[in-house]
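Colleague: Test case, fold it:
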Amino acid sequence: MDFSLTTIFVKPVGVALATSGASSALTAGQIGIYNKGLQSVASGSSTEFVIAQGRHPNEVPQTTKKSDLIRRSAIIRYRKNAAITTAQQKQITVSGFTAKCGEEVSLTIRAFSKYLNVGYSNGLTKTFLVHTPCCECGDDPCEEVDKELLIDEFVAQINASQLGEFVLAEKDEVLDENEDPIDYVLVLTGKELQQDPIAASLNNFVYDGYDVVDFYVYATKEPETTVDNYVDKRCDEFATVETTQKIVLPMGSYAEVRQLEKRYYSYQTGILKTVNCDPDANPVYASNAVPGTFYDEYIITFRSPQGSLRWEDNYDIDETVRIFVAVSESSAFATALNAIVGSTSIETEY
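Modeller: Below you'll find the predicted structure:
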């Protein structure tokens, strides 16, 4: 397990980075970078530095919030995690239908999510069976049935089922260079799920990751009986299944940063260690996250400064500083931080 003693800083929107003076001059929420003597560091001339942030009035008489001393030679990891503001749902395209008259063809969909996995074993599974028309007198049994009608039947079944709450089925045209339809495909897209509500309680776990639908599709020429959870059944496939869009989760949202402020609160104050449910019971708690804002994250992981008792047995311990800056202000902050830490990312094996 990767454990690192972590302190987080959330830069208030609109509060400029401190570039001069001592850390004691920081205003509420203001962040600055200082040397060992807690005087402002404006360039990479210092081989060691401290990240500090001014306390809010309700946090007094606590001193300025600071990271441990960071030596540039002791930095293990320094990188930026850019915010992702738009979620992307999974999409699967089923094409190349080859069913003929007098056949049974089925699409099996297995859907997974945080809550679906609780309600159903191995996710929610549904099989949709279509009987193609029987061959009439004079029909050629080798000819393929109308794929458009076949897709329409699957679309109607899927969208009307319980699975339709989580996956949207649509028929899509494949056009030639003259914009004329030359083929049809079935497009299955995961639906966006309702997120856990944001509650006023400080203790409430309001951010539990992004619940998203992941699903798999299997196309066979028979009713589904032994389809594996993750592996396609290669026998008697009647269509080609292709993942055309992967899941992209949002990152750096207000809900995520707000939760991290509470999760790491015990490392940020020397007075109260518990974030009580009633805010009035813990008046020194303060949040810098702004609703509706997305944040870029800057991570600095470093080995803790060695103590003076060199003769005793000790283990190397690493610490992490996580700094969240609104996307709109991230570029200017990165310039200032890179000038001290280094303009290139650092990634070292432990």
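Colleague: can you give me the helices for the stretch 1-150 of the chain?
Modeller: Using DSSP state H, counting those that start in this stretch, the helices of the stretch 1-150 of the chain run over 116-119, 147-160.
Colleague: CA atoms only for the longest one, dumped as CSV, please.
Modeller: Coordinates of each C-alpha in helix 147-160 appear next as CSV, following Å, rounded to 0.1, in the frame of the first residue of the first chain:
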residue,chain,number,x,y,z
LYS,A,147,-30.6,-5.6,-41.0
GLU,A,148,-32.5,-2.3,-40.5
LEU,A,149,-35.6,-4.1,-39.3
LEU,A,150,-33.4,-6.4,-37.1
ILE,A,151,-31.7,-3.4,-35.5
ASP,A,152,-35.1,-1.7,-35.0
GLU,A,153,-36.3,-4.7,-33.1
PHE,A,154,-33.3,-4.8,-30.8
VAL,A,155,-33.5,-1.0,-30.2
ALA,A,156,-37.2,-1.4,-29.2
GLN,A,157,-36.5,-4.3,-26.8
ILE,A,158,-33.5,-2.8,-25.1
ASN,A,159,-35.0,0.7,-24.5
ALA,A,160,-38.2,-0.8,-23.2
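Colleague: I'd like the average pLDDT over the following helix or strand past that helix.
Modeller: The helix or strand immediately downstream of helix 147-160 is strand 167-175, counting by DSSP states H and E. The pLDDT scores in strand 167-175 average 91.
Colleague: For the helices of the stretch 1-150 of the chain, state which one has the densest average packing.
Modeller: Of all the helices of the stretch 1-150 of the chain, helix 147-160 has the most neighbours on average by mean count of other CB atoms under 10 Å, namely a mean of 17. Where C-beta positions appear, they are placed from N, C-alpha and C, glycine not excepted.
Colleague: Now the helices of the stretch 1-150 of the chain in CSV, please, with extra columns for mean pLDDT.
Modeller: CSV is the format used below for these (pLDDT from 0 to 100):
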stretch, mean pLDDT
helix 116-119, 85
helix 147-160, 92
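Colleague: now the ones you listed as a markdown table including distance to Ala83?
Modeller: A markdown table is the format used below for the helices of the stretch 1-150 of the chain (distance: least, CB to CB, whole Å):
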| stretch | distance to Ala83 |
| --- | --- |
| helix 116-119 | 27 |
| helix 147-160 | 34 |
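Colleague: Among those, which comes closest to Ser287?
Modeller: For Ser287, the closest of these is helix 116-119, at 30.4 Å, according to CB to CB.
Colleague: quick one, strands of the stretch 101-250 of the chain?
Modeller: Using DSSP state E, counting those that start in this stretch, the strands of the stretch 101-250 of the chain run over 104-112, 124-131, 167-175, 181-190, 214-220, 240-245.
Colleague: and Ala28, what are its phi and psi?
Modeller: The phi and psi values for Ala28, taken as degrees, to the nearest 10, are phi -60, psi 120.
Colleague: And this structure, what are its domain boundaries?
Modeller: According to automatic domain parsing, the chain comprises the domains 5-83+252-347, 91-245.
Colleague: So what's the residue count around Glu170?
Modeller: 14 (other CB atoms under 10 Å).
Colleague: mind listing what it touches?
Modeller: Val155, Leu186, Val187, Leu188, Thr189 (CB atoms under 8 Å, 6 or more residues apart in numbering).
Colleague: three-state assignment of Leu260?
Modeller: helix (DSSP: H, G, I helix; E, B strand; the rest coil).
Colleague: hang on, isn't it packed against Phe9?
Modeller: No - applying CB atoms under 8 Å as the test, Leu260 and Phe9 come out as separate, 10.7 Å apart.
Colleague: Pull up the overlap in contacts between these two.
Modeller: Taking CB under 8 Å, 6+ apart as the contact rule, Leu260 and Phe9 both touch Arg322, Phe324.
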